[in-house]
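A.B. asks: structural data only, the sequence is not supplied:
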């Protein structure tokens, strides 16, 4: 688990990517037998890059999210450096201000005034119909930004940009929040106005010719993973409930938010059992189980130590 590299070829590797894995393991009162055994067997998991876990899993290196999702939203205008600038919700309480990155907002007067505010900084904001915002940059930013998957349960003050030009982006965050707060006070439906823009995923992509994908196909709905498949010219399809574990694939396992952590892990165990059996028989050369923060790697020798 100390290295992201192994001798397994892309056509023999199965990556089971469960974005909610860390929270499911943390929240579950009990673990299904196979998952409990794998957690124990896998030892200390390897940490993934906090900015780009998807890039590490698919390409073996971190890659910026903004130019990847830009390929889906504006394929004719995706070259160069980009920064995501997404409308998000803010929920204040007595202790802190909490972020709501998953909430959708329809453009309105607030979005036009945000665009004018950023124009004064020499920045052009473009909000797409999918709720994703973009800012074109001359060069990749030198700040580190917190991606949406790191914001769940996070207070605003602990998720602010850091780095050489962080002061500028923090100031812009504050100015957008002041402007949007004025709109919320005057709106008939305050909940329809976001609390802030959220900057993240900034950078430019290298030449794909220098990248060797770690898998041959992607089964996912995450826009970053779909963008990776498009950029690397890998086949990509949506997840289906009756999907079978196949070598050469990264499979994004979607948790059901209406179900408990225990129920989600029971469903996940069903897929893992089939994958584990194929790993033991040598039909899969390597199995990786990942969340957004960590990944565990298993080979056939592990499969013969756990019978489930």
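C.D. replies: All right, it came through fine. Computed from a prediction, not measured in an experiment: that's the story for all the values here.
A.B. asks: longest strand anywhere in this structure?
C.D. replies: strand 81-92 (DSSP state E).
A.B. asks: quick one: average confidence on the very next helix or strand once past that one?
C.D. replies: Later in the chain than strand 81-92, the nearest helix or strand by DSSP states H and E is strand 97-100. Across strand 97-100, the average pLDDT comes to 75.
A.B. asks: ok, now stretch 117-126?
C.D. replies: 95.
A.B. asks: and what of stretch 199-213?
C.D. replies: Across stretch 199-213, the average pLDDT comes to 94.
A.B. asks: do stretch 253-269 as well
C.D. replies: On average, stretch 253-269 scores 94.
A.B. asks: still on that earlier bit, direction included, what does the longest strand of the chain pair against?
C.D. replies: strand 97-100 (antiparallel), strand 133-137 (antiparallel), strand 196-203 (antiparallel) (DSSP bridges).
A.B. asks: buried ones in that strand?
C.D. replies: Under the neighbour-count criterion of 16 or more other C-beta atoms under 10 Å, strand 81-92 has 81-90 buried. From N, CA and C alone the C-beta is placed, and that goes for glycine too.
A.B. asks: return the distance of the helix or strand hosting residue 38 from the chain's centre.
C.D. replies: Assessed by DSSP H and E, residue 38 sits inside helix 33-42. Counting by C-alpha atoms, centre = their mean, to the nearest Å, helix 33-42 is centred 24 Å from the centre of its parent chain.
A.B. asks: other SSEs contacting that helix?
C.D. replies: helix 261-280, strand 294-298 (3 or more C-beta pairs under 8 Å, 6 or more residues apart in numbering; DSSP states H and E).
A.B. asks: go through it and flag the buried ones.
C.D. replies: 34-38, 42.
A.B. asks: highest mean neighbour count out of the helices and strands packed on helix 33-42?
C.D. replies: strand 294-298 (a mean of 21; mean count of other C-beta atoms under 10 Å).
A.B. asks: possible to save the helices and strands packed on helix 33-42 as a markdown table with distance to residue 287?
C.D. replies: Shown next, in a markdown table, are those (distance: least, C-beta to C-beta, whole Å):
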| stretch | distance to residue 287 |
| --- | --- |
| helix 261-280 | 5 |
| strand 294-298 | 5 |
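A.B. asks: can you classify the residue nearest the centre of the chain by secondary structure?
C.D. replies: Centroid check for the chain by C-alpha atoms, centre = their mean gives residue 149 as the closest residue, at 5.7 Å. Under DSSP: H, G, I helix; E, B strand; the rest coil, the three-state class of residue 149 is helix.
A.B. asks: wait, it touches residue 292, no?
C.D. replies: Yes: the pair residue 149 / residue 292 is scored as a contact, 4.7 Å apart, by C-beta atoms under 8 Å.
A.B. asks: any shared contact partners between the two?
C.D. replies: 19, 53 (C-beta atoms under 8 Å, 6 or more residues apart in numbering).
A.B. asks: tell me if I'm right that residue 45 and residue 292 touch.
C.D. replies: No: the criterion here is C-beta under 8 Å, and residue 45 misses it with residue 292 at 11.9 Å.
A.B. asks: between these two, which is the more surrounded one?
C.D. replies: Set residue 45 next to residue 292 and count neighbours by other C-beta atoms under 10 Å: residue 292 wins out with 21 against 18.
A.B. asks: before we move on, back to that, mind listing what the residue nearest to the centre of the chain touches?
C.D. replies: Neighbour list for residue 149: 19, 53, 292 [criterion: C-beta under 8 Å, 6+ apart].
A.B. asks: what sits against residue 283?
C.D. replies: Contacts for residue 283 (C-beta under 8 Å, 6+ apart) come out as residue 247.
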